[in-house]
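J.: below is the structure, and that's it, no one-letter string:
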């Protein structure tokens, strides 16, 4: 078993996979509660891209905590 901690971006990918939602629907769930400044599809994809990609953008601890709260409200669809 690896002792390496997961990055926030890896954890976000796990949350999406565990939810069973498509990425567009997962973005809608993620954007709940963000008010007038929701994340765009492009920003969303940057969180999900590979770390060695020029598109990659690190997900902050604050946004990971937000994602965990929002995805906790979603029941797995199968």
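T.: It's in. Computed from a predicted model, the values in this text were never measured in an experiment.
J.: C-alpha from now on. contacts and neighbour counts both.
T.: Will do.
J.: check contacts around the residue most central in space within the chain.
T.: Centrality entry for the chain: nearest residue to the mean C-alpha point is residue 12, 3.5 Å, by Cα atoms, centre = their mean. Contact analysis of residue 12 by Cα atoms under 8 Å, 6 or more residues apart in numbering lists 48, 64, 67.
J.: shouldn't the last one be in contact with residue 30?
T.: Yes - applying Cα atoms under 8 Å, one finds residue 67 in contact with residue 30, separated by 5.6 Å.
J.: poorly predicted segments of this structure, please.
T.: 1-3, 76-78 (pLDDT under 70).
J.: all strands of it, in order?
T.: In the chain, no strands are defined using DSSP state E.
J.: how far away is residue 38 from residue 27?
T.: From residue 38 over to residue 27 the distance is 9 Å, taken as Cα to Cα, to the nearest Å.
J.: quick one, which of the two is more surrounded?
T.: Neighbour tally, residue 38 and residue 27, criterion other Cα atoms under 10 Å: the higher count belongs to residue 27, 20 against 14.
J.: how many neighbouring residues does residue 43 have?
T.: Neighbour count for residue 43, taken as other Cα under 10 Å: 14.
J.: go on, residue 21?
T.: Neighbour tally, residue 21, other Cα under 10 Å: 19.
J.: the contacts of residue 12 in helices, which ones?
T.: Among the contacts of residue 12, the members falling in helices are 48, 64, 67 (criterion: DSSP state H).
J.: and the first one, how close does it get to residue 41?
T.: In this case it means residue 48. Relative to residue 41, and taking Cα to Cα, residue 48 is found at 11 Å.
J.: so which of those two has more stuff around it?
T.: residue 48 (18 against 12).
J.: list the residues that contact that one.
T.: So residue 48 contacts 9, 10, 12, 13, 56 (Cα under 8 Å, 6+ apart).
J.: which residues does the last one contact?
T.: The neighbourhood of residue 56, defined by Cα under 8 Å, 6+ apart, consists of 46, 47, 48, 49, 50.
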